[in-house]
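J.: Provide a 3D model corresponding to the input given below.
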Amino acid sequence: MPNLEIDGRISQKFNVISGQSARGPWKKQDFLVEYPDGNFTSKTLFTAFGDNLVTELDKFAVGDQVRVSFNVRAREYNGRWYNDIRAWRISPDQGAQAPHQQAAPAQPQAPAPSIEDMPEPGSGESEDLPF
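T.: Below you'll find the predicted structure:
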């Protein structure tokens, strides 16, 4: 299966889970990424498995734009099948800002017109509505 990538925004990070296996200690952290999908926004839950990848995920905050490289695998447990969407790289989205940086302030715009900006009735302006 080819390696896959998706660009999106981290919308939630879950607690780090750690444990001990026959091969030694392990650590993982799940995180939710929102991304545009046609006219809608979709979400996918990814797993960062391993100390290095959990540390890499820690560099990003909720709301940061990221590119997630991942693999999809299925595994069977007690006669049921489960999908595992495991991230193997998390990096800043190239089309977005680096993690934790704020955008430059927007240029000031003219204020919206107020009631005081409206012409006085009978001042020569037509009071006919255009519709």
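J.: How many neighbouring residues does E56 have?
T.: 15 (other C-beta atoms under 10 Å). Glycine gets a C-beta too; all of them are placed from N, C-alpha and C.
J.: Can you name the next helix or strand after the longest strand along the chain?
T.: In the chain, taking DSSP state E as the definition, the longest strand is strand 4-21. Note on strand 4-21: by DSSP states H and E, the next helix or strand toward the C-terminus is strand 24-37.
J.: strand partners of the longest strand of the chain, parallel vs antiparallel please.
T.: Sheet pairing of strand 4-21 (DSSP bridges) gives strand 24-37 (antiparallel), strand 65-77 (antiparallel).
J.: which regions of this protein sit below the pLDDT cut-off?
T.: Low-confidence segments of the chain, defined by pLDDT under 70: 1-3, 95-131.
J.: Please repeat the previous calculation with a cut-off of 50.
T.: Low-confidence segments of the chain (pLDDT under 50): 97-105, 131.
J.: still on that earlier bit, would TSV of the strands paired with strand 4-21 with mean neighbour count and distance to Q94 be doable?
T.: What follows is the strands paired with strand 4-21, written out as TSV (neighbours: other C-beta atoms under 10 Å; distance: least, C-beta to C-beta, whole Å):
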stretch	mean neighbour count	distance to Q94
strand 24-37	16	14
strand 65-77	14	7
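J.: any chance of those strands in TSV, plus distance to A87?
T.: Shown next, in TSV, are those (distance: least, C-beta to C-beta, whole Å):
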stretch	distance to A87
strand 24-37	8
strand 65-77	5
